[in-house]
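Participant: Let's see this in three dimensions:
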Amino acid sequence: MNNNDDYESDVSSLDTHFRERDGDEDNLWEVEAIVAERGSRYQVRWAGVDDKGAPWPLDWVPKEDCTDPLVRKWKKQKARKRKRDEKISETPYYHSWTLYKIILLLLLLLLQQTSQGYAW
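Facilitator: Modelled structure (predicted):
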């Protein structure tokens, strides 16, 4: 299976589907975006602001409370991020951070030795 197939399967398969309930007209709140996922819940960013003009706090909701288009958008974002992360990890610059830390440590050791009168 190639990367495109992974992407498509992630996007097309929904774990749960939105279930309408009695009284939804009075109890539904608009979700701006899903921002995280854990087990059977999504963490959502609510649309709008409170009385003070501040955004509503993030909240965890059951997966079946999120609409299919919202879940598809979340899955597409995750697939794009995974694909981007795979690309980054394949580049030589990804591993340069470890090399940078080693060089910095060697320079610090050299400075410490020269301040104590030692020279290489």
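
Participant: List phi and psi for residue 38.
Facilitator: phi -150, psi 120 (degrees, to the nearest 10).

Participant: And the pLDDT at it?
Facilitator: Per-residue confidence (pLDDT) for residue 38: 94.

Participant: residues contacting the residue lying closest to it once chain neighbours are set aside?
Facilitator: Nearest residue to residue 38 in three dimensions, chain neighbours excluded: residue 60, at 7.3 Å (Cβ to Cβ, 6 or more residues apart in numbering). Where you see a C-beta, it was placed from the backbone N, CA and C, and this is true even at glycine. Counting by Cβ atoms under 8 Å, 6 or more residues apart in numbering, residue 60 makes contact with 38, 41-44.

Participant: where are the low-confidence patches of this structure?
Facilitator: 1-27, 88-95, 97, 116-120 (pLDDT under 70).

Participant: What ranges does it have for its strands?
Facilitator: Counting by DSSP state E, the chain has strands at residues 31-38, 41-46, 59-62.
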